[in-house]
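K.L.:
Structure here, sequence nowhere to be found:
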């Protein structure tokens, strides 16, 4: 039995959730999100207590797998429209920097050319200083995916730690070469 699927989702103030068959519409101060739930999953909304409950319609392996996933995706939608999601990246290395060109991100990462990354329309990218990037938006999957694409331009290397890393990422360092004796 899924322990995550059993948990209810509390609906914050200023957020409205509507159910149209298997389609869930979540509306909040940051915007609107919709998702179609699998046919195995039944969703009920308690308007008085402002909670969302999920149940399995069938008792098979696929329904079990989608039970906890659907609850997590709905919880991420509610959080996204109320507070939003963000990922912070830090750039380490001499001469490595980031800047904004309109809405797009331009990275100078030691290649022969600057790397231009086109920002998806639902996201906002901000550069506080040339070594700190913040990606924010409503949909957790898109925020995480775009942050991973930025990191993939120059992942942190284990010898000097140069590259693009997430804010709280721990980079395991290796010892360098030792001289001959």
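P.N.:
Nice, thanks for sending it over. Because the structure is a prediction, the values reported are computed rather than measured.
K.L.:
can we go C-alpha only for contacts and neighbour counts from here?
P.N.:
Fine.
K.L.:
pretty sure residue 28 is touching residue 18, no?
P.N.:
No - judged on C-alpha atoms under 8 Å, residue 28 makes no contact with residue 18 at a distance of 11.7 Å.
K.L.:
between the two, who's got more neighbours?
P.N.:
When residue 28 and residue 18 are compared for neighbours, residue 28 comes out ahead with 20 against 13, by other C-alpha atoms under 10 Å.
K.L.:
May I have the distance across stretch 111-130, first residue to last?
P.N.:
With C-alpha to C-alpha, to the nearest Å as the measure, stretch 111-130 spans 17 Å from end to end.
K.L.:
So for it, mean pLDDT?
P.N.:
In this model, stretch 111-130 has a mean pLDDT of 94.
K.L.:
List the buried residues for that stretch?
P.N.:
For stretch 111-130, a neighbour-count test (16 or more other C-alpha atoms under 10 Å) marks 115, 116, 117, 123, 124, 125, 126, 127, 130 as buried.
K.L.:
same deal with stretch 147-157?
P.N.:
Judged by neighbour count using 16+ other C-alpha under 10 Å, the buried positions of stretch 147-157 are 147, 148, 150, 151, 153, 154, 155, 156.
K.L.:
do the same with stretch 24-38
P.N.:
So for stretch 24-38, counting by 16+ other C-alpha under 10 Å, buried means 24, 25, 26, 27, 28, 32, 33, 37.
K.L.:
Provide the contact partners of that stretch at residue level.
P.N.:
For stretch 24-38, contacts defined as C-alpha atoms under 8 Å, 6 or more residues apart in numbering pick out 14-19, 22-23, 66, 70, 77-78, 80-84, 138.
K.L.:
Among the residues you listed, which lie within strands?
P.N.:
Residues of the contacts of stretch 24-38 located in strands (DSSP state E): 16, 17, 18, 19, 23.
K.L.:
List the buried residues of the helix or strand of the chain with the lowest mean pLDDT.
P.N.:
Sorted by mean pLDDT, DSSP states H and E, the helices and strands of the chain end with helix 3-6, the least confident at a mean of 85. Buried positions in helix 3-6, judged by neighbour count with 16+ other C-alpha under 10 Å: residue 5.
K.L.:
who touches that helix?
P.N.:
Counting by C-alpha under 8 Å, 6+ apart, 53, 54, 55, 67, 68, 69, 70, 71, 72 sit against helix 3-6.
K.L.:
most neighbours, which of these?
P.N.:
Busiest of the contacts of helix 3-6 [other C-alpha under 10 Å] is residue 67, holding 26 neighbours.
K.L.:
Now for that one: which residues touch it?
P.N.:
Here residue 67 is in contact with 2, 5, 41, 54, 55, 56 (criterion: C-alpha under 8 Å, 6+ apart).
K.L.:
Brilliant, that's me finished.
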